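Engineer: coords below, sequence missing:
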(Lines give C-alpha, C1' and ligand atoms only; values in the text may rest on other atoms or scores of the structure.)
Protein backbone atom coordinates (compact mmCIF):
# COMPACT_ATOMS: atom_id res chain seq x y z
CA UNK A 1 0.00 0.00 0.00
CA UNK A 2 1.44 3.35 -1.01
CA UNK A 3 0.03 6.44 0.64
CA UNK A 4 0.53 10.17 0.56
CA UNK A 5 0.65 11.32 4.17
CA UNK A 6 -0.52 14.87 3.45
CA UNK A 7 -3.92 13.69 2.24
CA UNK A 8 -4.84 12.18 5.62
CA UNK A 9 -6.35 14.68 8.03
CA UNK A 10 -6.10 12.51 11.10
CA UNK A 11 -2.58 11.12 10.74
CA UNK A 12 -0.79 11.13 14.08
CA UNK A 13 3.00 11.21 14.01
CA UNK A 14 5.21 8.87 15.99
CA UNK A 15 8.84 9.47 16.86
CA UNK A 16 11.68 8.78 14.46
CA UNK A 17 13.71 5.58 14.68
CA UNK A 18 17.22 5.31 13.28
CA UNK A 19 19.82 2.59 12.76
CA UNK A 20 23.13 2.54 10.88
CA UNK A 21 24.78 -0.52 9.35
CA UNK A 22 27.98 -0.25 7.32
CA UNK A 23 27.51 3.52 7.01
CA UNK A 24 23.99 3.09 5.59
CA UNK A 25 21.50 4.88 7.85
CA UNK A 26 17.83 3.89 7.82
CA UNK A 27 15.38 6.29 9.46
CA UNK A 28 11.71 5.42 9.92
CA UNK A 29 8.75 7.49 11.06
CA UNK A 30 5.28 5.99 11.44
CA UNK A 31 1.86 7.65 11.22
CA UNK A 32 -1.48 6.30 12.44
CA UNK A 33 -4.10 6.91 9.76
CA UNK A 34 -7.37 7.50 11.59
CA UNK A 35 -9.31 8.30 8.40
CA UNK A 36 -8.32 4.95 6.87
CA UNK A 37 -8.93 2.89 10.02
CA UNK A 38 -12.15 1.31 11.30
CA UNK A 39 -11.58 0.51 14.99
CA UNK A 40 -15.14 -0.85 15.42
CA UNK A 41 -14.29 -3.44 12.75
CA UNK A 42 -10.81 -4.23 14.10
CA UNK A 43 -9.00 -2.52 11.24
CA UNK A 44 -6.13 -0.11 11.96
CA UNK A 45 -3.86 1.45 9.34
CA UNK A 46 -0.44 3.09 9.55
CA UNK A 47 1.81 4.68 7.01
CA UNK A 48 5.54 4.73 7.50
CA UNK A 49 8.14 6.89 5.81
CA UNK A 50 11.62 5.45 5.29
CA UNK A 51 14.81 7.31 4.43
CA UNK A 52 17.90 5.34 3.40
CA UNK A 53 21.14 7.36 3.41
CA UNK A 54 24.50 6.22 2.10
CA UNK A 55 27.19 7.84 4.23
CA UNK A 56 29.82 5.32 3.14
CA UNK A 57 32.41 5.47 0.41
CA UNK A 58 30.94 2.76 -1.82
CA UNK A 59 27.96 2.78 -4.18
CA UNK A 60 25.22 0.35 -3.10
CA UNK A 61 22.01 -1.00 -4.58
CA UNK A 62 18.96 -2.13 -2.62
CA UNK A 63 18.01 -5.62 -3.82
CA UNK A 64 15.41 -7.03 -1.40
CA UNK A 65 13.41 -6.20 1.70
CA UNK A 66 12.34 -8.21 4.73
CA UNK A 67 9.75 -7.15 7.31
CA UNK A 68 8.66 -8.83 10.53
CA UNK A 69 5.34 -7.35 11.63
CA UNK A 70 3.94 -8.25 15.06
CA UNK A 71 0.46 -7.16 16.15
CA UNK A 72 -0.63 -6.50 19.74
CA UNK A 73 -1.75 -10.13 20.12
CA UNK A 74 1.71 -11.42 19.22
CA UNK A 75 0.74 -12.66 15.75
CA UNK A 76 3.69 -12.37 13.38
CA UNK A 77 3.63 -11.79 9.64
CA UNK A 78 6.81 -11.90 7.58
CA UNK A 79 7.06 -10.08 4.26
CA UNK A 80 9.89 -10.59 1.77
CA UNK A 81 10.21 -9.16 -1.68
CA UNK A 82 12.32 -7.45 -4.30
CA UNK A 83 13.17 -3.78 -3.85
CA UNK A 84 10.91 -1.21 -2.22
CA UNK A 85 7.81 0.38 -3.79
CA UNK A 86 8.75 -1.23 -7.10
CA UNK A 87 12.26 0.23 -7.14
CA UNK A 88 15.84 -0.95 -6.58
CA UNK A 89 17.53 2.34 -5.71
CA UNK A 90 21.25 2.80 -6.32
CA UNK A 91 22.88 5.12 -3.80
CA UNK A 92 26.27 6.73 -4.25
CA UNK A 93 28.13 8.32 -1.33
CA UNK A 94 26.01 11.11 0.15
CA UNK A 95 22.81 10.12 -1.67
CA UNK A 96 19.53 9.10 -0.08
CA UNK A 97 16.23 7.52 -1.10
CA UNK A 98 12.87 8.06 0.58
CA UNK A 99 9.58 6.23 0.23
CA UNK A 100 6.28 5.85 2.03
CA UNK A 101 4.34 2.64 2.44
CA UNK A 102 1.67 1.30 4.78
CA UNK A 103 0.61 -1.47 7.10
CA UNK A 104 -2.87 -2.55 8.22
CA UNK A 105 -3.33 -4.55 11.43
CA UNK A 106 -6.31 -6.11 13.23
CA UNK A 107 -5.09 -4.61 16.55
CA UNK A 108 -4.63 -1.00 17.71
CA UNK A 109 -0.86 -1.34 18.00
CA UNK A 110 2.07 -3.38 16.78
CA UNK A 111 5.73 -3.30 15.92
CA UNK A 112 7.74 -3.65 12.72
CA UNK A 113 11.40 -4.48 12.20
CA UNK A 114 13.33 -5.66 9.20
CA UNK A 115 16.32 -5.56 6.92
CA UNK A 116 17.32 -4.57 3.41
CA UNK A 117 19.56 -6.78 1.33
CA UNK A 118 22.03 -4.43 -0.30
CA UNK A 119 24.73 -5.08 -2.88
CA UNK A 120 28.02 -3.25 -3.25
CA UNK A 121 29.31 -2.12 -6.66
CA UNK A 122 31.66 -5.12 -6.49
CA UNK A 123 28.66 -7.46 -6.21
CA UNK A 124 29.03 -8.24 -2.50
CA UNK A 125 25.64 -8.74 -0.80
CA UNK A 126 25.19 -7.45 2.75
CA UNK A 127 22.32 -6.77 5.12
CA UNK A 128 21.28 -3.37 6.46
CA UNK A 129 19.10 -3.33 9.58
CA UNK A 130 15.79 -1.48 9.61
CA UNK A 131 15.20 -0.26 13.17
CA UNK A 132 12.28 -1.67 15.13
CA UNK A 133 9.50 0.90 15.28
CA UNK A 134 6.14 0.97 16.99
CA UNK A 135 2.77 1.27 15.37
CA UNK A 136 0.76 3.16 17.98
CA UNK A 137 -2.80 4.41 17.80
CA UNK A 138 -4.99 6.40 20.19
CA UNK A 139 -7.16 3.26 20.42
CA UNK A 140 -4.49 1.26 22.26
CA UNK A 141 -5.37 1.05 25.96
CA UNK A 142 -1.75 0.09 26.79
CA UNK A 143 -0.21 3.10 25.07
CA UNK A 144 2.04 5.30 27.16
CA UNK A 145 1.81 9.04 26.62
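Structural biologist: Cool, got the structure. From a predicted model like this one, the values you see are computed outputs, not experimental measurements. Numbering: from 1, shown residues only.

Engineer: what's downstream of the lowest-mean-pLDDT helix or strand in the chain, the next helix or strand?
Structural biologist: Ranking every helix and strand in the chain by mean pLDDT, DSSP states H and E puts strand 11-21 at the bottom, with a mean of 80. Sequence-wise, the next helix or strand downstream of strand 11-21 (DSSP states H and E) is strand 24-33.

Engineer: what are the boundaries of the strands in the protein?
Structural biologist: 11-21, 24-33, 44-54, 60-71, 76-82, 90-91, 96-105, 109-120, 125-136 (DSSP state E).

Engineer: least reliable of the ones you listed by average pLDDT, please.
Structural biologist: Among the strands of the chain, strand 11-21 has the lowest mean pLDDT, at a mean of 80.

Engineer: for residue 46, which residues make a bridge with it?
Structural biologist: Here residue 46 sits in beta bridges with residue 32, residue 103, going by DSSP bridges.

Engineer: now it: how far from residue 65?
Structural biologist: Going from residue 46 to residue 65 by C-beta to C-beta, to the nearest Å gives 17 Å. Just so you know, the C-beta spots here come from the backbone N, C-alpha and C atoms, and that holds for glycine as well.

Engineer: of the two, who's got more company?
Structural biologist: Between residue 46 and residue 65, residue 46 has the larger neighbour count (other C-beta atoms under 10 Å), namely 28 against 19.

Engineer: ok, now which ones touch the more buried one?
Structural biologist: Listed by C-beta atoms under 8 Å, 6 or more residues apart in numbering, the contact partners of residue 46 are 30, 31, 32, 33, 102, 103, 104, 105, 135, 137.

Engineer: same deal with residue 112?
Structural biologist: Going by C-beta under 8 Å, 6+ apart, residue 112 touches 30, 48, 67, 68, 69, 70, 103, 130, 132, 133, 135.

Engineer: again, only this time at 7 Å
Structural biologist: By C-beta atoms under 7 Å, 6 or more residues apart in numbering, the contact set of residue 112 is 67, 69, 103, 133, 135.

Engineer: kindly report the same for residue 99.
Structural biologist: Residue 99 is in contact with 50, 84, 85, counting by C-beta under 7 Å, 6+ apart.
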